[in-house]
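Chemist: Attaching a predicted model along with its sequence, questions to come.
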Amino acid sequence: MKTQLFSMALLVSSFTFAQSWNITGNSGTNSSNNFIGTTDNQPLVLRSNNIERLRIKTNGNVGIGATNPDAKLHVAQENTNSQNLVVGKFTSFGSTGGSAMISLGYHTTANLELNSTYTGIGFRYGSYGDFNIENDFQSPIYGAINFIANKKVQLAIKPNGNALLQGKFEAKEVKVTLTPTADFVFDEKYDLPKLEEVEKHIKEKKHLPEIASAKVMEKEGVNVGEFQIKLLQKIEELTLYSIDQNKQIKEQAEQLKHLKDENEILKTQSAKIEKLEQQVQQLLSTQK
């Protein structure tokens with residue numbers, strides 16, 4: 001009899017526990033039987049101040065401020081009075097620094113990463129306060145980071161570091177770092193092309209030597225860094241031509257001055273000769 005009473009007491013206790021959920025905490029729970037939720041194909045709604053704050057639909061979509069969430073997580077907030085509204089916020093903190101990451105991926109192929117603003121160690125990439133967008137896909141070909149506008153890829157950053165931009169690029173300043181430069185033109189051993197050869201090339205090819213033709217540029221584009229160095233090379237060659245031309249002009253000016261001086265001497269001598277001839281003529285006339 002005592003055994004039967006004890007068993008009934010345990011059964012009633014278990015039934016009572018199964019029907020209640022202590023708001024100060026629970027222990028000895030079994031997730032198969034003890035949970036907060038619904039079993040009748042109805043959404044789970046959480047309220048505060050008698051206002052719905054969160055809804056979990058029967059398909060698993062979670063809405064915060066959204067009564068009909070159409071994604072796994074749907075956050076909505078009415079914006080009034082032209083506020084700068086923060087809809088979501090993710091914060092990490094600690095004394096050791098490192099990186100705080102939000103990961104959006106397909107089979108771990110993409111990560112949206114924000115570096116910690118602490119000056120400690122452990123940065124995955126970059127430095128203090130950096131914002132990183134990372135694609136974890138390990139491939140030299142696939143896994144670009146694309147920026148889409150008007151249903152098109154307008155800017156793409158390739159895995160090899162190359163960037164593709166559809167449209168114009170406008171900036172206050174552009175710096176291109178590329179070596180070597182064109183200073184080799186000023187080396188004493190540099191074989192400066194003769195102007196006759198340059199002229200011949202231009203007549204035959206219709207473009208400068210070592211510079212791509214207009215057709216090639218239209219077809220293959222222009223490498224800005226290399227093109228700038230080539231243009232600098234041509235400017236430096238032109239400078240050498242100008243220096244050589246200036247030397248020739250100075251030499252010709254000196255020669256012209258020398259010729260003028262000689263001409264003046266000849267004029268003086270010619271005048272003297274003419275005067276002597278006149279004197280001789282006068283002497284001959286008196287003797288007759």
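Modeler: Right, received. Where do you want to start?
Chemist: ok, Ala110 touching Leu104?
Modeler: Yes - using C-beta atoms under 8 Å, Ala110 and Leu104 qualify as a contacting pair, with a distance of 6.0 Å. (C-beta placed from N, C-alpha, C; glycine too.)
Chemist: Looking at the two, which is more packed in?
Modeler: Neighbours per residue (other C-beta atoms under 10 Å) separate Ala110 from Leu104, with Ala110 holding more: 16 against 8.
Chemist: Excluding covalently adjacent residues, which one is nearest to that one?
Modeler: Nearest non-adjacent residue to Ala110, counting by C-beta to C-beta, 6 or more residues apart in numbering: Asn135, 5.1 Å away.
Chemist: mind checking how far that neighbour is from Ala156?
Modeler: 11 Å (C-beta to C-beta, to the nearest Å).
Chemist: Overlap of the contact sets of Ala110 and Leu104?
Modeler: With C-beta atoms under 8 Å, 6 or more residues apart in numbering applied, the contact sets of Ala110 and Leu104 do not overlap.
Chemist: Tell me where the model's unsure across the stretch 1-150 of the chain.
Modeler: 1-19, 96-97, 108, 114-124 (pLDDT under 70).
Chemist: go with 80
Modeler: When residues are selected by pLDDT under 80, those of the stretch 1-150 of the chain lie in 1-21, 92-101, 105-130, 136.
Chemist: just the helices in it please.
Modeler: Ranges of helices within the stretch 1-150 of the chain are 2-18, based on DSSP state H, counting those that start in this stretch.
Chemist: the strands in it, which residues?
Modeler: Along the stretch 1-150 of the chain, the segments classed as strands by DSSP state E, counting those that start in this stretch run 44-48, 51-56, 62-64, 73-75, 99-102, 111-115, 131-134, 145-149.
Chemist: Relative to Leu178, which of those is closest?
Modeler: Ranking the strands of the stretch 1-150 of the chain by proximity to Leu178 (C-beta to C-beta) places strand 145-149 first, at 23.9 Å.
Chemist: next structured bit after that closest one?
Modeler: Heading C-terminal from strand 145-149, the first helix or strand you meet, by DSSP states H and E, is strand 152-157.
Chemist: what sits against Lys205?
Modeler: For Lys205, the contact set (C-beta under 8 Å, 6+ apart) comprises Ser213.
Chemist: cutoff 7 Å now
Modeler: Residues near Lys205 by C-beta atoms under 7 Å, 6 or more residues apart in numbering: none.
Chemist: Now the phi/psi pair for Asp261, please.
Modeler: Backbone torsions of Asp261, given as degrees, to the nearest 10, read phi -60, psi -40.
Chemist: next one: the one 3 residues further on
Modeler: When quoted as degrees, to the nearest 10, the phi and psi of Glu264 stand at phi -60, psi -40.
Chemist: And the one 3 residues further on, by the same measure?
Modeler: Recorded main-chain torsions at Lys267 are phi -60, psi -40, according to degrees, to the nearest 10.
Chemist: thinking again about what came up before, for the residue nearest to Ala110, what are its contacts?
Modeler: Thr109, Ala110, Gly143, Ile145.
Chemist: what number of residues lie near Asn146?
Modeler: Residues within reach of Asn146, counting by other C-beta under 10 Å, total 13.
Chemist: Just give the number of residues close to Phe169.
Modeler: Per other C-beta under 10 Å, the neighbour tally for Phe169 reads 8.
Chemist: And it, how close does it get to Ile133?
Modeler: 20 Å.
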